[in-house]
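A.B. asks: with the sequence up front, the predicted model follows.
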Amino acid sequence: MKTITFTLNGRERSFDIEPDETLIDLLRRSNLTGTKRGCDTGMCGSCAVIMDDRAVNACILFAFQADGRTIETIEGVGDFDSPHPLQTAMADTGAVQCGFCTPGIVMTANALLRQKPDAAEEDFNQHLDGNLCRCTGYVKIKEALLSCSARAADKGDA
């Protein structure tokens, strides 16, 4: 066992971890179940979290790699009473069907919009390349994400 400390959803936390424990396992045993376990190979994006302002797949990161870092999960983005604009846009445009991929998509898009608030469709296409959705066909997802872009706000589309 090893003890690590990192900022999780705005709060410094310490955890005892096993050497081979993944970040997703740590999050889920900490009752943060919004981060979904999908492929366990970093290919589907359902486990995306933000680490130091960058989207990463928690299923392929060891928990010890979070030591000293800042991690944000979907639970730190918004909630039922105060949803993040990305969450609202996803719901409003019908971009959520089964919802399994939604937390990962919101986290990945959130990281992109922090870096590039005026992201265009090409930016979302490239940045969300690792987020798979089996239900929607991506049209509504892209519509939702673009509505949150500063570029959409500048055009009066948001």
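C.D. replies: Sure thing, it's come through. Numbering: from 1, shown residues only.
A.B. asks: test for you: state the pLDDT assigned to the most centrally placed residue in the chain.
C.D. replies: Compute the mean C-alpha point of the chain, and by C-alpha atoms, centre = their mean the closest residue is Met107, 2.0 Å away. Predicted confidence (pLDDT) for Met107: 97.
A.B. asks: how about residues contacting the longest helix belonging to the chain?
C.D. replies: If you go by DSSP state H, the chain has its longest helix at helix 102-115. With C-beta atoms under 8 Å, 6 or more residues apart in numbering as the test, helix 102-115 has contacts from 34-36, 38, 44-50, 53-55, 72-74, 77, 84, 86-87, 90, 95-96, 119, 123-124, 127-128, 130-131, 133, 141, 145, 148-149. (Each C-beta comes from the backbone N, C-alpha and C, glycine too.)
A.B. asks: coming back round to it: so what's the residue nearest to the centre of the chain closest to, chain neighbours aside?
C.D. replies: Ala48 (4.4 Å; C-beta to C-beta, 6 or more residues apart in numbering).
A.B. asks: give me the PyMOL select line for the contacts of helix 102-115, limited to the buried ones.
C.D. replies: Of the contacts of helix 102-115, the buried ones go into a single PyMOL selection, burial set by 16 or more other C-beta atoms under 10 Å:
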select buried, resi 34+35+36+38+44+45+46+47+48+49+50+55+72+73+74+77+84+86+87+90+95+96+119+123+124+127+128+131+133+141+145+148+149
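A.B. asks: Arg13 belongs to a strand, doesn't it?
C.D. replies: Yes. With DSSP: H, G, I helix; E, B strand; the rest coil as the criterion, Arg13 is part of a strand.
A.B. asks: name whatever forms a beta bridge with it.
C.D. replies: The partner list for Arg13 in beta bridges (DSSP bridges) reads Phe6.
A.B. asks: would you mind confirming that Gln87 is in contact with Val77?
C.D. replies: Yes. Between Gln87 and Val77 there is a contact under C-beta atoms under 8 Å: 7.0 Å.
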